[in-house]
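Peer 1: what's the 3D shape of this:
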Amino acid sequence: MRYTAEHKQATHARILAAAEKLFRAEGFSGASVERVMRAAGLTVGGFYAHFASKESLLAESLRAFMVERQMRWLAGLEGLRGTAFLDHFARRYLSLYNRDTGQTSCMMPSLLSDLTRAPPEVQASFGQGLEALVGAAQGQLPAREGATPRQQMLATVALCFGAMTLARATGSQAVSAEILDAARALLLAGAPIAEAGEVGGAGARNVVRRPKRADVPVSKADASVPASRPSRKKQARKPGSGTRGTNAGDAHARPSRPSRKRKPARG
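Peer 2: Take a look at the predicted model:
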């Protein structure tokens, strides 16, 4: 039975959609051809009528993903420049929603490690998508000392993809959110990546000062850190002060009485 070109095109799109969903959720290794075709509601045998290999499927899926995501990430930001553009771009990508919806949002955190070992066809497909994204956005970043607009956008994409990968990998919700906040702050601070970890560099602008002991209020929960009291200097005892006993702290000591000489007894 011969299918029409429209039917074949629709089937091709179904396979791509099913593959993209599995790539997002489980990466390249978790999305087998059998699982992709089952998710698309098709038999495994029909796969090779559309794709030469699983790698070819990933390459085409990446191309389609980068085109679609480029439009989504940059939509409505055309009139923004510089910090305003970076602020909106970072908030759009480095969001808790994006972190928590890995199966429907960006697939890059799930695929980055696989792409480092992927065949040239797959890497070239991703590279083309990355170049298109950077090329479309770099015009909204003015040149500044030490970094061209292209370098700034490359660093922005790298920081966004890397931060989201780490945020999804950590088991702590608090640390995960902190990673995203830190990445946004670094982008908006405009700190050069090379200096971000150097003491005294641009990345060291927001230094948190460790509070001094006197600055820290003592709470009931922190019983191990007693509040400091003003020191009391012991005053030297004056001769003849009249204090009795060897214990200087004896509050009940009575003043001594002058000694009386006994009168000699009368004959």
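Peer 1: now the residue lying closest to residue 107 once chain neighbours are set aside: which helix or strand?
Peer 2: Nearest non-adjacent residue to residue 107, counting by C-beta to C-beta, 6 or more residues apart in numbering: residue 24, 4.2 Å away. C-beta coordinates here come from the backbone N, C-alpha and C atoms, glycine included. Residue 24 belongs to helix 5-30 when elements are defined using DSSP states H and E.
Peer 1: ok, then the element right after that helix?
Peer 2: Where DSSP H and E defines the elements, the next helix or strand beyond helix 5-30 is helix 33-39.
Peer 1: and the average pLDDT for the helix or strand immediately after that following helix in the chain is what?
Peer 2: Towards the C-terminus, the helix or strand next in line after helix 33-39, according to DSSP H and E, is helix 54-74. Averaged over helix 54-74, pLDDT sits at 92.
Peer 1: residue 60 and residue 31, how far apart?
Peer 2: 13 Å (C-beta to C-beta, to the nearest Å).
Peer 1: try residue 5
Peer 2: Taking C-beta to C-beta as the measure, residue 5 falls 27 Å from residue 31.
Peer 1: okay, the two: which has more neighbours?
Peer 2: residue 31 (26 against 7; other C-beta atoms under 10 Å).
Peer 1: I'd say the more buried one and residue 22 touch.
Peer 2: Yes. Between residue 31 and residue 22 there is a contact under C-beta atoms under 8 Å: 3.6 Å.
Peer 1: could I get the contacting residues of residue 152?
Peer 2: By C-beta atoms under 8 Å, 6 or more residues apart in numbering, residue 152 lies in contact with 138, 141, 144.
Peer 1: the last one: neighbouring residues, count only.
Peer 2: What that stands for is residue 144. 13.
Peer 1: and it, how far from residue 155?
Peer 2: Applying C-beta to C-beta, the value for residue 144 to residue 155 is 12 Å.
Peer 1: any idea how far the residue nearest to residue 97 when sequence neighbours are not counted lies from residue 45?
Peer 2: Excluding its sequence neighbours, the residue lying closest to residue 97 (C-beta to C-beta, 6+ apart) is residue 105, at 7.5 Å. With distances taken as C-beta to C-beta, residue 105 is found 32 Å from residue 45.
Peer 1: tell me the centre residue of this protein?
Peer 2: residue 179 (1.1 Å; C-alpha atoms, centre = their mean).
Peer 1: pLDDT below threshold where in the stretch 101-250 of the chain?
Peer 2: 190-250 (pLDDT under 70).
Peer 1: run a quick neighbour tally on residue 60.
Peer 2: 20.
Peer 1: that one contacts residue 13, correct?
Peer 2: No. When contacts are counted by C-beta under 8 Å, residue 60 is not listed as touching residue 13 (10.8 Å).
Peer 1: still on that earlier bit, the residue nearest to the centre of the chain belongs to a strand, doesn't it?
Peer 2: No. Counting by DSSP: H, G, I helix; E, B strand; the rest coil, residue 179 falls outside a strand, being helix.
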